[in-house]
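J.: coords please:
(chains A, B and C)
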Amino acid sequence: MNRIFFICLVVGIPLSLAANFLHWPAVLSFIIYCLTIISLASYMGRATESLAIIAGPRIGGLLNATFGNAVELIISIFALKAGLLSVVLASLTGSVLGNLLLVGGLSYFIGGLKYKRQMFNVYDAQHNAALMIFAIVVAFVFPEVFSLRLSHAESFTLSIWVSIIMIILYLAALYFKLVTHRGIYVYKIEGAPNEHDDETADWSKKKAITVLALATVAVAFISESLVHTFQEVGRTLGWSETFIGIIIVAIVGNAAEHASAVVMAYKNKVGVTFEIAVGSTLQIAMFVAPVLVLLSIFFQKQMPLIFSIPELVSMVLAVFLTISLTNDGDTNWFEGLTLLAAYVIMGVGFYLL
Amino acid sequence: MNRIFFICLVVGIPLSLAANFLHWPAVLSFIIYCLTIISLASYMGRATESLAIIAGPRIGGLLNATFGNAVELIISIFALKAGLLSVVLASLTGSVLGNLLLVGGLSYFIGGLKYKRQMFNVYDAQHNAALMIFAIVVAFVFPEVFSLRLSHAESFTLSIWVSIIMIILYLAALYFKLVTHRGIYVYKIEGAPNEHDDETADWSKKKAITVLALATVAVAFISESLVHTFQEVGRTLGWSETFIGIIIVAIVGNAAEHASAVVMAYKNKVGVTFEIAVGSTLQIAMFVAPVLVLLSIFFQKQMPLIFSIPELVSMVLAVFLTISLTNDGDTNWFEGLTLLAAYVIMGVGFYLL
Amino acid sequence: MNRIFFICLVVGIPLSLAANFLHWPAVLSFIIYCLTIISLASYMGRATESLAIIAGPRIGGLLNATFGNAVELIISIFALKAGLLSVVLASLTGSVLGNLLLVGGLSYFIGGLKYKRQMFNVYDAQHNAALMIFAIVVAFVFPEVFSLRLSHAESFTLSIWVSIIMIILYLAALYFKLVTHRGIYVYKIEGAPNEHDDETADWSKKKAITVLALATVAVAFISESLVHTFQEVGRTLGWSETFIGIIIVAIVGNAAEHASAVVMAYKNKVGVTFEIAVGSTLQIAMFVAPVLVLLSIFFQKQMPLIFSIPELVSMVLAVFLTISLTNDGDTNWFEGLTLLAAYVIMGVGFYLL
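T.: Predicted coordinates for the structure are as follows:
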């Protein structure tokens, strides 16, 4: 796996440079950029992981919670700068749907083919369920409903308030999980391997920081180029900007992470899978989305936290489905298949839109 | 009970023939057809049940899962052929509401008057809860929301995709329940009678198949006549087509099954009751509805999977209420009354509509 | 605490009389009325509590269930009489949001600062969750959706039916809890103090009845004056009638009760807190609201049970959030903070509206 990413990188970076400066056709450039970013993202993931292990669980948790969706954040910032608000909102939606339905579904399905029942901490499931209800059902639906009766300026004011409160609550959730209630809600599952016992850092602190810095710069550079291909790719392939945002950008931004979630389920560490799928969703909803709203104050076009109705409904449905399946801390192949079925339905819907 | 159905049948079939060929008044014909179909449905139910017991749990489960709502399916096909799309959608809605709220409510209420607490398998409750969220909350709401922005042809394309995926998932659910995970999620309840210990087939294989075949033909014949009385009955009694579909057709199509659900609760086999009420709901939503959508390709009027807003909202509310009441695998008279209260509210609403 | 209320009362009643007869400025009168009603409400609460203890658990439960929100009911009746329907609906909404998010949130947060985990009866949590789904998600959403297709008279007819059914189910819930299933769903929590062991009546039966009668008369008198200040207070402070109803009236009507909920959580009797917060919500939704609808038959303006969309959505979101947090019968400071965060978001939203 790592070798594939390495090859992609060695080939991808020069090709990306060439595509950018020689103005290669949009679709070709688009593919090159996507593959290169996926490889870079895997390096950023490994660097963050190494730093997190070296720094210990508290600081490590914080690192994962802020850098875990760095690629997504960087692409979105450039899309925001280019005024492509609908692409930004679509890619946030796509990340939520992708994490919950595609990653979750694929992991539980593949893990479930090997093991009849896979179990994880039921307290974590309920804690995360409540946070998803807060972030996606309350904090996303509320401004949407109120915006129907508010002016654009008032909607943006409400969005700023919601964003600030979400970031505070996200930090409070980290403090709760890493400090005041660390190890309180423990739940021993018989026969399950210890989920964190083989954690040794891949890289030294120095190497990790260097890789993280270089990869971040490279991702930023390529993201800017990528964003400018969207319009033409959409025109050429007959895809809407929403479809590109929801399906393509979301997959590119999260591919590396997705791969490791599936691997973990296959190793029967379905608790880690759940942490990745739902944790990443919460990070997108409670940290990346609000940060983008606040950053948009400084850009030309301000972005209120108002999704399109299909986007919002899809996210809410994905949350209810995920909660109803995972609330018992037990997964199997059929539950994975159910999530995948919902993802396919939504993919078709957004393609037709 | 069986004797009543027998008398209804002996009297009903000749009367139905007379009503059809002598063109009796619509309301009278309507009543005769309804009672005859209810009796025929009870025979089809007993035949399917006998075949299921003879065939063993796997094939038996499959038989129940496909023939359980055969009457409903037959009536709907004739309504579809007559172009009465709104009646078809209304009768699907009515089956969902009737199974969850009326049958469930009546059973838990009557069973609860005799027993303080009635318990059933909490894993089944959660498994079925997730399927209801998938089928009704995700797969029914999603095309509805997207259809607002899609052309009629695109809506129908989306409906076909959703229908195919639902049928696949329904078959997968059967495979999960009957093959890969049979007996995995067992849950022993103290003091409860063994739910399947007195199962002996009423009829021989040959007799069951003959009855099933004859009754199906008779149901088909009378259904066609029944469907053509709707318009005039509605005009005469001041009922809307929606009301006829939701309350009348749904009760006629399911009456025999409903009776046995209540009897089971009274015998403290509330697990069987739950299986009938929720299992039948899932069969309607994940099998009958998609099959009708796919069949409509060959009819003059194509039927997208798009309910009216009141129908959709009622079904979603019924699902949330059922899940919140049954999720703990424990019922009592008050929970039954709550479901009945919701059914009455909805009945009044659809009557006024 | 009691001393503060006593002083407020001794000073407040003469000032209220003066404000009313001397026509003091609206904002000043508004503040005086509010503080006096809060003090009177605390006396009514203590009187009801004393009577409930003297009368024993059954009659006591009934007393609490009918007089618990008497102040709210009285203010609403005068607002109804003055034709301020939107204020009545807003104050019902505000009570629901205030009880679930503000009182619940504050109590779990403050209790959680002292105790790592606070536990209460998980059966109660699930029973109340189902009732909230029935009352707010089913019985409030249903008439709203149907009213879009009904005439005003039909909407009111549906509202009357819904109201009668809710009151019947509310009485049935009391009968279930106090008579048929008293002590059935008991759940012993280790280390928790016995929640009802120190209950002795503050006042004698005679004194309690006298205080209750006098305070009720005084609340009625001041409520009438209070209601007539709303319009001018709104104009002066730039608040909408909805905001006054949702935030101010709801807090005034429930302040005394709110204080005792927080005190109980601080004493680790979080079960009592939960009973107050959710019990009061159910009383508002299933008893006060329907009674007001039925009373409105005799007033000039009839009030259908139809909230504004933002009000309805806020209540539904509050219910889902509360259920997802409390369904496990376990609270901590973070869960309290989450509820408070939702309350702040909603407060900002209604202020901007």
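
J.: check contacts around residue A:62.
T.: By CB atoms under 8 Å, 6 or more residues apart in numbering or on different chains, the contact list for residue A:62 reads A:174, A:178. Backbone N, C-alpha and C define where each C-beta goes, glycine included.

J.: and it, that's in a helix?
T.: Yes: Residue A:62: assigned to a helix according to DSSP: H, G, I helix; E, B strand; the rest coil.

J.: how much space between it and residue A:183?
T.: 17 Å (CB to CB, to the nearest Å).

J.: please apply the same query to residue A:250.
T.: 33 Å.

J.: between those two, point out the one with more neighbours.
T.: Higher neighbour count among residue A:250 and residue A:183: residue A:250, with 26 against 6, using other CB atoms under 10 Å in any protein chain shown.

J.: can you tell me the element that one falls in?
T.: helix A:250-266 (DSSP states H and E).

J.: chain center to that helix, what's the gap?
T.: 10 Å (CA atoms, centre = their mean, to the nearest Å).

J.: who's in contact with the closest residue to chain C within the stretch 201-350 of chain A?
T.: At 7.5 Å from chain C, residue A:323 is the closest residue in the stretch 201-350 of chain A, using CB to the nearest CB. Counting by CB under 8 Å, 6+ apart, residue A:323 touches A:129, A:132-133, C:324.

J.: could you check the pLDDT of it?
T.: Looking at residue A:323, its pLDDT is 94.

J.: leaving out chain neighbours, which residue sits closest to residue A:101?
T.: residue A:343 (3.8 Å; CB to CB, 6 or more residues apart in numbering or on different chains).

J.: assess the claim that the one you found and residue A:99 are in contact.
T.: No: applying CB atoms under 8 Å as the test, residue A:343 and residue A:99 come out as separate, 10.6 Å apart.

J.: what about these two, which has more around it?
T.: Remark: of residue A:343 and residue A:99, residue A:99 carries more neighbours, 28 against 22, as counted by other CB under 10 Å.

J.: would you confirm that the more buried one contacts residue A:284?
T.: Yes: between residue A:99 and residue A:284 there is a contact at 7.3 Å, judged by CB under 8 Å.

J.: residues in the stretch 1-150 of chain A within reach of chain C, list them.
T.: A:123, A:126, A:129-131, A:133-134, A:137-139, A:141-143, A:145-146, A:148-150 (CB under 8 Å from any CB of the partner chain).

J.: so who does residue A:138 touch?
T.: Counting by CB under 8 Å, 6+ apart, the residues that residue A:138 touches are C:317, C:320-321, C:342, C:345.

J.: all helices of the stretch 51-200 of chain A, in order?
T.: Assigned by DSSP state H, counting those that start in this stretch, the helices in the stretch 51-200 of chain A fall at A:57-67, A:70-81, A:85-97, A:104-114, A:122-132, A:141-147, A:152-175.

J.: who touches residue A:233 in this structure?
T.: For residue A:233, the contacting residues are A:26-27, A:30, A:239, A:244, by CB under 8 Å, 6+ apart.

J.: and stretch A:137-145, how far apart are its ends?
T.: One end of stretch A:137-145 sits 12 Å from the other (CA to CA, to the nearest Å).

J.: no more questions from me, cheers.
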